[in-house]
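K.L.:
could you look at this predicted model? Sequence included:
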Amino acid sequence: MAEYLEAVKRYMRVDGDEDDGVIAALYEAAVLYLKNAGVRETEASLPLYNLCVWSLTLHYYDHRDAVGSEAEIPVGLRPVLNQLKLTAAIQGDID
């Protein structure tokens, strides 16, 4: 997990370790979100998968104080998520 945490923190441009617990939890939430959306991590999709997880983690981190309102998923993330879902469906990776 430490390797994933460092990678997502580089993407998020977060220095220091005071928020590591929060970022790790948000990262796990992003992975679960993608899994529930029908997206699985595969070697072929790894760059797009990482982009999706990192972007969701950053989105969750930036909006973690938004109580009572849900921030929309970033516009540029939707096409990546759709492509990952389509690729999984074509390859038969969806349960």
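P.N.:
That came through, no problem. Residues are numbered from 1 along each chain as shown.

K.L.:
so who does Val8 touch?
P.N.:
Applying CB atoms under 8 Å, 6 or more residues apart in numbering, we find Val8 in contact with Ile23, Tyr27, Val53, Trp54, Thr57, Leu58. In short, each C-beta sits where N, CA and C put it, glycine included.

K.L.:
same check, this time on Asn50
P.N.:
Per CB under 8 Å, 6+ apart, neighbours of Asn50: Ala7.

K.L.:
how about it, secondary structure?
P.N.:
Three-state assignment for Asn50 (DSSP: H, G, I helix; E, B strand; the rest coil): helix.

K.L.:
so what's the most centrally placed residue in the chain closest to, chain neighbours aside?
P.N.:
Using CA atoms, centre = their mean, the residue of the chain that lies closest to the mean C-alpha position is Val53, 1.7 Å off. Using CB to CB, 6 or more residues apart in numbering and skipping residues adjacent in sequence, the residue nearest Val53 is Ala30, 4.7 Å away.
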